[in-house]
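J.: Just to be clear, the model below is a prediction. Sequence and coordinates:
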Amino acid sequence: MKKRFFGALFAGLFCIGPLFAQYKSTIKNETILFNNLDQLLPLKNLDHLRIAVVVPNAEKYRVFTNQLARYANIKVFDFSKFDEDIKYYNTIVVAGKEDDLEADCLAQLKQAVLNNKKVILCHFFEHEKSKKILSEHPQSDLIELLAPFSETGQRHMAMSIFGGAAITAGHVKTAQTRLQYGSASSSDVNVPKLTKKIDAIAQEAIDKQATPGAVVMVVKDGQVLLEKSYGYHTYSKDIATKTSDIFDLASVSKIAGTTPVIMRLTERNIINLDSTMGHYLWQAKYTNKKDIKLRSVMLHEAGFTPFIPFYKYLKAGDVVSISDDKHRVKMADNSYILNNYYRDVMWPEMLNSAVKPTGNYVYSDISMYVMKEVAEHQTAEPLQDYVQENFYKPLGMTRAGYLPRERFTKDEIVPTEQDTSFRKTLLEGYVHDQGAAMAGGIAGHAGLFATANDLAIYGQLLLNRGEYGGDRFFNTETIDLFTAKQSATSRRGLGFDRWDPNPKNAYPSKFANSSVFGHTGYTGTCIWIDPQNQLIYIFLSNRVHPQVSTKLLDLNIRSRIQDAIYESINENQKR
């Protein structure tokens, strides 16, 4: 099996060579690190950390705590009786100026060390004299950092803890291991000029009602050049869009939800892409799909029916507005479908649907329904739990996941369609795709919600060819296999969409190159990753609000923004 795996890898690498990610920090980080006990910093294994942050004044240190929250879930406490507050946390970050960190505070910190907690003391100074004194007398039994008390100092201190910025001042050095924020002005790219171009295109989309709002994020060389929100959640303009907002990713779920699971199972030889559906799925053994290989499924070459409109086949009594014992699967507010409808009706219908000869490219959502079933049968774990435990939590993708209404308020989630025909309500935190909704909100092809920051972390993991935050999640060969062109009949990788070699299509951008891979989503989303330029481009919107519209496509908003990014990069390279 191993021989087949690597044979397929090298046969598939038509377009991309070994492009390793290169973090290219342009900031001057003045943070000094003392006593990096157990080499704790930059922090790793985020899924094992329960992080408490203790500051004397939440507002005064908001830049610091907000920056920490870009990397991991944290809980902020003040100095009063914090020994009791931090009892259930294993990693403690305490920050303050010299006059804040009194003897009682330091005593509580040393008690925390005795209680087997990892303690990071963040000292901020306002004057060079204070810096000199603190530098000469560090706390020898604590991990201690020192930085200027300014917005920049707070931001750099926080990034230093998580590896968003390398520590190069002083004697103890660290490397950058995660995304770097807040320093786009020091980039080689003319960010103000680029921002102005993107602002104009985004505003055009809003003015012409292609979407009520959007978030755009651009990352280059591991540095966030742009992260900006536009417009509002809806055209009523009640809630302004924020960069922290959670969007329905639609088909981006395929590459950020299902595909990483398949990648993990493939490299561990738990599944073989050249084995068949009938090999892994008992229910497929006696159908016309028993001999279809998983590789064909991932390439959309299995001959599946492009789309089955399951919601049109519902009978009276299948959906109710008030939950009861027979209707507990929630599809939206005041919309519940018959228990096990996916298992008893949808999945058998897919298994018994017609197939055409394999080998021709026909895009079908059935492909990722199938791969989710294969993954869950092999892992014995629901997809939504597996991706959280194995990827999102350890990566620091704090807002990514399925069924977001179970974890977040409605105001944090951008609504999609005002559904007038099926669920008859505004969809707020419930998947837009009808089939995924009928399957309980979790499907292989849709159902994932996330922020732009979540997707940027995932994109950087792929650019790094499997490594992020000092932890390795995939073998480099696995990333290369799945993201490279793998089909003789289409541009596709395994699960991933790719650059279109036909210049007339200008897809995803007229300036894109053969290394580019990613995916778009029906709700008006996309992520494109460009190893050649070490670039990540993310666009999130709710273009299906209040009803489905083609205006975002007609105006070519996503591609034009990507064009503008490439123009800025090309201008810099010419200088």
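T.: Now that the structure is in, tell me what you want to look at.
J.: which stretch of helix or strand covers residue 64?
T.: Assessed by DSSP states H and E, residue 64 sits inside helix 62-68.
J.: And the next helix or strand past that helix?
T.: Criterion used, DSSP H and E; the element after helix 62-68 is strand 74-77.
J.: partners of residue 467 in the sheet?
T.: residue 472 (DSSP bridges).
J.: A strand includes residue 192, no?
T.: No - going by DSSP: H, G, I helix; E, B strand; the rest coil, the assignment for residue 192 is helix, not a strand.
J.: pLDDT wise, what is it at?
T.: You'll see residue 192 listed with a pLDDT of 94.
J.: next one: residue 8
T.: pLDDT for residue 8: 43.
J.: Show the contacting residues for residue 40.
T.: Residues counted as contacts of residue 40 (CB atoms under 8 Å, 6 or more residues apart in numbering) are 118, 120, 143. Bear in mind the C-beta positions are built from the backbone N, C-alpha and C, glycine included.
J.: and if we set it to 6 Å?
T.: Neighbour list for residue 40: 118, 143 [criterion: CB atoms under 6 Å, 6 or more residues apart in numbering].
J.: now swap in the one 3 residues further on and tell me
T.: Each residue near residue 43 by CB under 6 Å, 6+ apart is listed here: residue 162.
J.: Then residue 216?
T.: Residues in contact with residue 216 (CB under 6 Å, 6+ apart) are 198, 228, 539.
J.: Secondary structure of the second one: a strand, I assume?
T.: Yes - the assignment for residue 228 (three-state DSSP) places it in a strand.
J.: What degree of burial does it show, as a neighbour count?
T.: 16 (other CB atoms under 10 Å).
J.: Name whatever forms a beta bridge with the closest residue to it other than its chain neighbours.
T.: Take residue 228 and drop its neighbours on the chain: the residue closest to it by CB to CB, 6 or more residues apart in numbering is residue 216, 5.6 Å away. Assessed by DSSP bridges, residue 216 has beta-bridge partners residue 228, residue 539.
J.: quick one: which helix or strand includes the residue lying farthest from the centre of the chain?
T.: Distance from the C-alpha centroid of the chain peaks at residue 129, with 43.1 Å (CA atoms, centre = their mean). Secondary structure from DSSP H and E places residue 129 in helix 128-136.
J.: how far away is the residue nearest to residue 228 from residue 55?
T.: Applying CB to CB, to the nearest Å, the value for residue 216 to residue 55 is 31 Å.
J.: Then residue 261?
T.: Residue 261 is 38 Å from residue 55, by CB to CB.
J.: Pop out the phi and psi values for residue 111.
T.: Residue 111 has phi and psi values of phi -70, psi -40 when expressed as degrees, to the nearest 10.
J.: out of everything not next to it in sequence, what's closest to it?
T.: Counting by CB to CB, 6+ apart, the residue nearest residue 111 is residue 83, at 6.2 Å.
J.: What number of residues are in the vicinity of that neighbour?
T.: 16.
J.: three-state assignment of it?
T.: Once three-state DSSP is applied, residue 83 turns out helix.
J.: ok, now residue 564?
T.: helix.
J.: which one is it nearest to, not counting chain neighbours?
T.: The shortest distance from residue 564 to any non-neighbouring residue, by CB to CB, 6+ apart, is to residue 197 (4.2 Å).
J.: after the worst-scoring helix or strand of the chain on mean pLDDT comes which helix or strand?
T.: Least confident element among the helices and strands of the chain, by mean pLDDT, DSSP states H and E: helix 2-12 (a mean of 42). Under the assignment DSSP H and E, the closest C-terminal helix or strand after helix 2-12 is strand 32-34.
J.: on contacts alone, who are the packing partners of the helix holding residue 129?
T.: With contacts defined as 3 or more CB pairs under 6 Å, 6 or more residues apart in numbering; DSSP states H and E, the packing partners of helix 128-136 are strand 118-125.
J.: Name the residues that touch the strand it packs on?
T.: For strand 118-125, the external contacting residues (CB under 6 Å, 6+ apart) are 40, 91-95, 97, 109, 112-113, 131, 134, 139, 142-147, 149, 157.
J.: For the stretch 401-550 of the chain, which segments are assigned as helices?
T.: Ranges of helices within the stretch 401-550 of the chain are 434-438, 452-463, 476-483, based on DSSP state H, counting those that start in this stretch.
J.: so which of the ones you listed gets nearest residue 176?
T.: For these, the distance to residue 176 is smallest for helix 452-463, at 10.9 Å, taking CB to CB.
J.: what's that closest one packed up against?
T.: Looks like helix 452-463 contacts strand 213-220, strand 525-530, strand 535-541 (3+ CB pairs under 6 Å, 6+ apart).
J.: Next, the angle strand 525-530 makes with that helix.
T.: Interaxial angle, helix 452-463 versus strand 525-530 (axes from the mean of the first three to the mean of the last three CA atoms, to 10 degrees): 30 degrees.
J.: re the thing from before, the helices and strands packed on helix 452-463 into TSV, with extra columns for distance to residue 326?
T.: Below are the helices and strands packed on helix 452-463 laid out as TSV (distance: least, CB to CB, whole Å):
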stretch	distance to residue 326
strand 213-220	38
strand 525-530	35
strand 535-541	37
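J.: For the stretch 51-200 of the chain, give me the ranges with low pLDDT.
T.: Applying pLDDT under 70 to the stretch 51-200 of the chain flags residues 140, 183-186.
J.: ok so, going back, just the ones of the contacts of strand 118-125 in helices?
T.: Residues of the contacts of strand 118-125 located in helices (DSSP state H): 109, 112-113, 131, 134, 157.
J.: May I ask which of the residues you listed has the most neighbours?
T.: Ranked by neighbour count (other CB under 10 Å), the ones in helices among the contacts of strand 118-125 have residue 157 at the top, with 32 neighbours.
J.: check contacts around the nearest residue to that residue once chain neighbours are set aside.
T.: Once flanking residues are discounted, residue 157 sits nearest to residue 147: 4.3 Å by CB to CB, 6+ apart. Applying CB under 6 Å, 6+ apart to residue 147 gives the contacts 31, 124, 153, 157.
J.: Who are the packing partners of the host helix or strand of the third one?
T.: Residue 153 belongs to helix 151-162 when assigned by DSSP H and E. Contacts defined by 3+ CB pairs under 6 Å, 6+ apart place helix 151-162 against helix 62-68, strand 143-148.
J.: hey, C-alpha coordinates of the shortest one in PDB?
T.: This means strand 143-148. C-alpha atoms of strand 143-148 as PDB (Å, rounded to 0.1, in the frame of the first residue of the first chain):
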ATOM      1  CA  ILE A 143       9.300  32.000  32.400                       C
ATOM      2  CA  GLU A 144       9.500  35.800  32.000                       C
ATOM      3  CA  LEU A 145       9.100  38.200  29.100                       C
ATOM      4  CA  LEU A 146       9.800  41.900  28.900                       C
ATOM      5  CA  ALA A 147       8.400  44.400  26.400                       C
ATOM      6  CA  PRO A 148       7.400  48.100  26.200                       C
END
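J.: Within its sheet, name the partner strands of it and how each one runs.
T.: Applying DSSP bridges, one finds strand 143-148 paired with strand 32-34 (antiparallel), strand 118-125 (parallel).
J.: Identify whichever of these lies nearest to residue 524.
T.: Checking these against residue 524 by CB to CB gives strand 118-125 as the closest, at 40.0 Å.
J.: what angle separates that closest one from helix 151-162?
T.: Calculated by the same axes, to 10 degrees, strand 118-125 forms an angle of 160 degrees with helix 151-162.
J.: what angle separates strand 118-125 from helix 128-136?
T.: 150 degrees.
J.: Only C-alpha atoms, please: export strand 118-125 in CSV.
T.: Taking C-alpha atoms only, strand 118-125 is exported to CSV below (Å, rounded to 0.1, in the frame of the first residue of the first chain):
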residue,chain,number,x,y,z
LYS,A,118,3.0,26.4,33.6
VAL,A,119,3.4,30.1,34.4
ILE,A,120,4.4,32.9,32.0
LEU,A,121,5.1,36.3,33.5
CYS,A,122,4.8,39.2,31.1
HIS,A,123,6.5,42.3,32.4
PHE,A,124,5.8,45.6,30.6
PHE,A,125,8.0,48.7,31.1
